[in-house]
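Visitor: Structure of the sequence below:
(chains A, B, C and D)
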Number of protein chains: 4
Amino acid sequence: MNSIGRLFCLTTFGESHGDSIGGILDGCPAGLSLDFELIQSELNRRKPGQSTITTERKESDVVKFHSGIFEGKTTGASIGFSIVNSNQNSKDYSHLKDSYRPSHSDFTYSKKYGLRDYRGGGRSSARETANWVVAGAIAKQLLSQVKINAYVSSVGPVFIDKNYSELDFSKIENNTVRCPDEATAQKMIELIESIKSEGDTVGGVISCVVQNAGIGLGEPIFNKLHANLGHALLSINAVKGVEFGSGFCASEMRGSEHNDLFNTDGTTKTNRSGGIQGGISNGMDIYFRVAFKPASTIMQSQQSINNSGQEIALDAKGRHDPCVVPRAVPIIEAMTAMVLADFYLLNRTSIL
Amino acid sequence: MNSIGRLFCLTTFGESHGDSIGGILDGCPAGLSLDFELIQSELNRRKPGQSTITTERKESDVVKFHSGIFEGKTTGASIGFSIVNSNQNSKDYSHLKDSYRPSHSDFTYSKKYGLRDYRGGGRSSARETANWVVAGAIAKQLLSQVKINAYVSSVGPVFIDKNYSELDFSKIENNTVRCPDEATAQKMIELIESIKSEGDTVGGVISCVVQNAGIGLGEPIFNKLHANLGHALLSINAVKGVEFGSGFCASEMRGSEHNDLFNTDGTTKTNRSGGIQGGISNGMDIYFRVAFKPASTIMQSQQSINNSGQEIALDAKGRHDPCVVPRAVPIIEAMTAMVLADFYLLNRTSIL
Amino acid sequence: MNSIGRLFCLTTFGESHGDSIGGILDGCPAGLSLDFELIQSELNRRKPGQSTITTERKESDVVKFHSGIFEGKTTGASIGFSIVNSNQNSKDYSHLKDSYRPSHSDFTYSKKYGLRDYRGGGRSSARETANWVVAGAIAKQLLSQVKINAYVSSVGPVFIDKNYSELDFSKIENNTVRCPDEATAQKMIELIESIKSEGDTVGGVISCVVQNAGIGLGEPIFNKLHANLGHALLSINAVKGVEFGSGFCASEMRGSEHNDLFNTDGTTKTNRSGGIQGGISNGMDIYFRVAFKPASTIMQSQQSINNSGQEIALDAKGRHDPCVVPRAVPIIEAMTAMVLADFYLLNRTSIL
Amino acid sequence: MNSIGRLFCLTTFGESHGDSIGGILDGCPAGLSLDFELIQSELNRRKPGQSTITTERKESDVVKFHSGIFEGKTTGASIGFSIVNSNQNSKDYSHLKDSYRPSHSDFTYSKKYGLRDYRGGGRSSARETANWVVAGAIAKQLLSQVKINAYVSSVGPVFIDKNYSELDFSKIENNTVRCPDEATAQKMIELIESIKSEGDTVGGVISCVVQNAGIGLGEPIFNKLHANLGHALLSINAVKGVEFGSGFCASEMRGSEHNDLFNTDGTTKTNRSGGIQGGISNGMDIYFRVAFKPASTIMQSQQSINNSGQEIALDAKGRHDPCVVPRAVPIIEAMTAMVLADFYLLNRTSIL
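Guide: Okay, here's the model as predicted:
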């Protein structure tokens, strides 16, 4: 239940307010020289406190590896790692002991398990996603030839009005919202700052483009590439929808306009398939979009209930993200990399 | 790779033009009295040739059970079943031996596996979904108290302009397009017939509402209810996107409007969460939407290539669906039922 | 629960008295040209009625493949197959409806599942092993360079008093008991015939030698080669123990005599390790022994109980094996081949 | 590959000379009050340096829990834990960098993975088993009504000449060899001390008796109780064989003497089945024996080779166990407890 991947398999542990979080990455092939700075830089892209439009909470998020690596290379043994929770302050959450926050998991965890770690989100906290970024950064190194670029394509009603092919992915990290279109980025930042000042939150969409993944990734019938990507992406906190290639727009189209006709080299003239046909990558760019809801923790008083079914007024405390998508960009990339790494290994076994 | 589910687990086999397709359902608890007529009636909802807006191809689609059932009850043993392919005609497909049909899986299967069963879709054919309907019909019986209603909410640009709570699900089967809003249904049917007459196809959206599933289904972190539903739904042929509750619309909303406030009985005043919070069902209706692309096989001549990279003109033969969504309604329900059954069993182990 | 293998994965169904048994083999690489006569000949080695020392029950045991094979080659799709139960006669078993046969699974199945298919062994029947032989015969073809030879090394107190290296494996099939030492074989056959005439049964031991499996099969820590072999072998009906290499004798030895010293080419001077070190094959012969209990169905009246807890006298009917080991030889080989095939595929992913 | 268990699932990491070892226990039901002293006391039973007949190496082996436990109770979240390696001294092993120790995993790991953590056993070290003892101690608490008693039944040629029913399990911990028969225990200790003084090692057998496990544990066909126990037990370092109930002796018996006849209460007059029939527990004592080879590291000079294929003389250094079975007793119990816990949870899903 806390594992993802069939061969390249990550298992994780950790609550937002325990001493640490961490994971065990199983199935990474032996002989991979790891670039630890790259792993840490991916964590830094995700960590809180990196800009005015993210939470001001500070966490150093330094990963420590415990096993599976010898003299800088993977050994084929399971890779244990952990990240210390440096900034947890359990007192912040004592007021939540008996309360259910709206649209959080407090209610469902309490009902399912009969008890609940009420300090922050407990196990359901997005702090967990730091583990995924670690494993994803290793997956990226395993797939060194593959380019994975996620970016914020909309925040609330503000969106990039361009096809991804018109964007320069090298500009994604140029602004704090991680939108490669600078003019749109500024509007997004202004919107987030405005919403933050109101104590509110806002949703957004992240787009992701995978280039050079090659042909053959994906394992029908029940491990199709987009189905497993969908599973991984929907596991990310606050995600409410995913679409691949033409996505929901495809439902309005006709076959004669939707079909991707072939060039003689096997590439296609259009890419409405989003790089995946029959659940298998076809060598074109893999393209998908992920919808995030606005974060549930708002800096406004909300009506709610406690675990006795009594109405209460809930005042948020702490420091939270007014919009989660900027920090979710590296998470999307990490989940994508893990899924691709798994299929890359599986695909080694598909032909005699 | 051909299995789905952790405890309630279906493994399948079969190509569109083999002698039969079938599956093995593992993990169904012992003691379940099966209603075989209900299983067959579900298959009949999916089978080809049932109306003027589906393919005219006829298949009887009678399921035969081989094991795991004794004197009408499940025994706890694996349930083997098969469905004879009565109407396959491999000659229809000899012209496809060396051809790659646009937006089909011909190209990717050939490249991944080095060879391909070119008779129809082979393993990638939607014929496979008949297997899923069988297992789903058993899952529905295991979850007899749960009501799963899927329906066509849009075909091309024609959509139901109402919230699902305004619809009468008992009317879904009243028309051939499986849309509970009769006026919209007629427009959808007209559109499909018009598109069919042009030799073209059209996409659509299916909505699904699950009632009375109870609280506690779903297993964080990597087996969240919506993540596993997403995986199952994206496994269905022609699906390009899924969204849960508020879905993509959530990306445009603010937290203060998106949060579902509690009633004192633990229900919520709104249900933007779509019945799932933190990956676990919260007792509200589970609600999601699934986008289907237009079927790739069109009755028009298309330019394509063969496996030598030469341009060819491709003329479709056979009888195909102008719009897949009417027949996909029972498939959506089946996949949903299977995922819920799996979580229902898993949830029996969550508390001491 | 009815699946074995991580990549090369067999899922099965079937009871002794259903219409058929069968399975789905998933994960077999594409492009393997299958020799169907070889598959059938393996089934013939296992089938009942082949000699005077096995059950006289006749079953034709013809396997039919339904999918996953095209023009004689595997396609990468799941391989569905079935074997018709031609000789079941459910009337034979009506007297067992309420009875628990000693040392059978009647009692445990009834208690675990609340009901039981009382016709023969139901799901627990050794008829199931025919499925395994089919999958094993495919695994053998995948591992065409590997030689797997199992043979009967003891029946009751009669045993081969030689090291396996002194035996000529080409003689295994020369006699009905499948013992390559002809003099011992005759004693075994005489013993079985004598025991059969008394209406009794007898146990035995099968030894197995795998040659040319290569170095590197096995996946520590929890998928060690011998651990997974042990799991597969202990799944065979009537097996009570397994030992690898020096086995139980090792417990009486000293390290200085047990250690396998190296030759300079990496082979070892002795092979007490049985070809496996640290859970991974080392290139030496893989060697193990499997103990079978005497079959529980004897042609003598036995005291037993019914499901109301009343004492009953039980008289066996039907035709049964006086000694299971001769027919279990191909089953041992099949399970071994499946485990090795799985590790062969997994090992393709172990190095960058 | 580093995970064991389907629902109650342990995943581990760690090498003998890394900074720590640890694991993630997934699937433990919520609401279990943990006795941490009991967990530590199990670790103390396994730890080195506890007596004159074990290695003199000292490790404190204190387990630290990082997640999944709140206010003393399990929360349903994954339980992360680690144990610091306090006494590793990597310099001890520099002489092994290029050497292959006989009957160790040096050769196979090097060949399989292309490189090897040569500090001690690396991943293949029995230090890993400390992780298992932690998880097993939690499993024991989940199964509080089940009694699991393992004990040393033989060391080299010295064995207990009694049936387990004649033994008093409360005396197992009364001596350092963990043999409940005091006279035999003294002979075993003398033998081990004598062998230790010669710089040699010796093998042994551990017997295990599980009482009060109830009826219904085990999941045919490929997750039989004894098959999964066998898998778990064969995963333990130095194990060469397992047998259940009558074990290898069964191969010499006749059905008429081997069958366990029923009492009217469903218990059996004998227990040659070892508490398992058809792969499912029948309520009688579960009984099995596990054979250990002598440890490969001896304090004598041995001829060996290096990774260039040159002959070398190998002199052992460090402090090692002359006989591994005394410290393996809690490991056997831990693996048994984990397997039973897994089946206990699975069995909750077997009936409607």
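
Visitor: Contact residues of the stretch 1-150 of chain A facing chain C?
Guide: A:7, A:27, A:29-32, A:74, A:76-78, A:142 (C-beta under 8 Å from any C-beta of the partner chain). The C-beta positions use only the backbone N, C-alpha and C, and glycine is treated the same way.

Visitor: near chain D, which of those residues show up?
Guide: Answer for the residues of the stretch 1-150 of chain A next to chain C near chain D (C-beta under 8 Å from any C-beta): A:27, A:30-31, A:76-78.

Visitor: Need the buried ones from the residues you listed selected in PyMOL.
Guide: Listed next is the PyMOL selection for buried residues among these, using 16 or more other C-beta atoms under 10 Å in any protein chain shown:
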select buried, chain A and resi 27+30+76+77+78
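
Visitor: Break down the stretch 51-200 of chain A into its strands, ranges please.
Guide: Taking DSSP state E, counting those that start in this stretch as the test, the strands found in the stretch 51-200 of chain A are A:63-65, A:69-70, A:73-74, A:79-84, A:99-100, A:147-155, A:158-159.

Visitor: Present those strands as a markdown table; the columns should include mean neighbour count, distance to residue A:337 and mean pLDDT.
Guide: As requested, the strands of the stretch 51-200 of chain A are exported to a markdown table (neighbours: other C-beta atoms under 10 Å in any protein chain shown; distance: least, C-beta to C-beta, whole Å; pLDDT from 0 to 100):
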| stretch | mean neighbour count | distance to residue A:337 | mean pLDDT |
| --- | --- | --- | --- |
| strand A:63-65 | 18 | 16 | 98 |
| strand A:69-70 | 22 | 18 | 96 |
| strand A:73-74 | 21 | 15 | 98 |
| strand A:79-84 | 24 | 15 | 98 |
| strand A:99-100 | 22 | 35 | 94 |
| strand A:147-155 | 24 | 6 | 98 |
| strand A:158-159 | 22 | 25 | 98 |
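
Visitor: who touches the residue of the stretch 1-150 of chain A at minimum distance from chain C in this structure?
Guide: Nearest residue of the stretch 1-150 of chain A to chain C: residue A:31, at 4.1 Å (C-beta to the nearest C-beta). Residue A:31 makes contact with A:73-74, C:351-352, D:113-115, according to C-beta atoms under 8 Å, 6 or more residues apart in numbering or on different chains.

Visitor: tally of neighbours for the residue lying closest to it once chain neighbours are set aside?
Guide: Take residue A:31 and drop its neighbours on the chain: the residue closest to it by C-beta to C-beta, 6 or more residues apart in numbering or on different chains is residue C:352, 4.1 Å away. Neighbour count for residue C:352, taken as other C-beta atoms under 10 Å in any protein chain shown: 15.

Visitor: Was I right to think residue C:352 contacts residue A:29?
Guide: Yes: the pair residue C:352 and residue A:29 qualifies as a contact (C-beta atoms under 8 Å) at a distance of 4.7 Å.

Visitor: anything in contact with each of these two?
Guide: In contact with both residue C:352 and residue A:29: A:74, A:142, using C-beta under 8 Å, 6+ apart.

Visitor: now the closest residue to residue A:109 other than its chain neighbours: how far from chain B?
Guide: Among residues not flanking residue A:109 along the chain, residue A:116 sits closest, at 4.8 Å (C-beta to C-beta, 6+ apart). Computed as C-beta to the nearest C-beta, to the nearest Å, the residue A:116 to chain B distance reads 10 Å.

Visitor: What residues does residue A:116 make contact with?
Guide: A:106, A:109-110, A:122, D:70, D:75.

Visitor: which one of the residues of the stretch 1-150 of chain A next to chain C is nearest residue A:308?
Guide: Residue A:308 lies nearest to residue A:78 out of the residues of the stretch 1-150 of chain A next to chain C, by C-beta to C-beta, at 44.3 Å.

Visitor: So that closest one versus residue D:1, what's the distance?
Guide: Per C-beta to C-beta, to the nearest Å, residue A:78 is found 8 Å from residue D:1.

Visitor: which residues are common contacts for these two?
Guide: Contacts common to residue A:78 and residue D:1, judged by C-beta under 8 Å, 6+ apart, are A:26, C:221.

Visitor: In the stretch 1-150 of chain A, where is pLDDT below threshold?
Guide: Applying pLDDT under 70 to the stretch 1-150 of chain A flags the ranges A:88-92.

Visitor: 90 - rerun?
Guide: A:17, A:48-60, A:86-98, A:117-121 (pLDDT under 90).

Visitor: Name the helix or strand for residue A:304, please.
Guide: Residue A:304 belongs to strand A:302-306 when assigned by DSSP states H and E.

Visitor: Please name every helix or strand in contact with that strand.
Guide: On a contact count with 3 or more C-beta pairs under 8 Å, 6 or more residues apart in numbering or on different chains; DSSP states H and E, strand A:302-306 meets strand A:99-100, strand A:311-314.

Visitor: A strand includes residue A:333, no?
Guide: No: membership of residue A:333 in a strand is not supported by DSSP: H, G, I helix; E, B strand; the rest coil, which gives helix.

Visitor: how near is it to residue A:322?
Guide: Counting by C-beta to C-beta, the gap from residue A:333 to residue A:322 is 22 Å.

Visitor: Next: residue A:279.
Guide: Residue A:279 sits 37 Å away from residue A:322, going by C-beta to C-beta.

Visitor: Compare these two (neighbour count), which wins?
Guide: Higher neighbour count among residue A:279 and residue A:322: residue A:322, with 29 against 25, using other C-beta under 10 Å.

Visitor: what's the nearest residue to the more buried one if we skip its chain neighbours?
Guide: residue A:196 (3.7 Å).

Visitor: Check residue A:307 too.
Guide: Nearest non-adjacent residue to residue A:307, counting by C-beta to C-beta, 6+ apart: residue A:98, 5.0 Å away.

Visitor: residues making contact with stretch A:245-252?
Guide: Counting by C-beta under 8 Å, 6+ apart, residues outside stretch A:245-252 touching it are A:253, A:258, A:271-276, A:287-289, B:154, B:156-157, B:203-205, B:240-241, B:243, B:248, B:291-294.

Visitor: whoops, I mixed them up, stretch A:46-54
Guide: The contact list for stretch A:46-54 (C-beta under 8 Å, 6+ apart) reads A:44, A:55-61, A:129-130, A:133, A:176-177, A:189, A:192-193, A:196, A:319, A:321-323, A:326-327, A:330-331.

Visitor: looking at the helices and strands packed on strand A:302-306, which is closest to chain D?
Guide: Proximity to chain D (C-beta to the nearest C-beta) singles out strand A:99-100 among the helices and strands packed on strand A:302-306, at 16.2 Å.

Visitor: and the closest one, what does it pack onto?
Guide: Counting by 3+ C-beta pairs under 8 Å, 6+ apart, strand A:99-100 packs on helix A:106-113, strand A:302-306.

Visitor: Which of those sits closest to residue C:343?
Guide: helix A:106-113 (37.9 Å).
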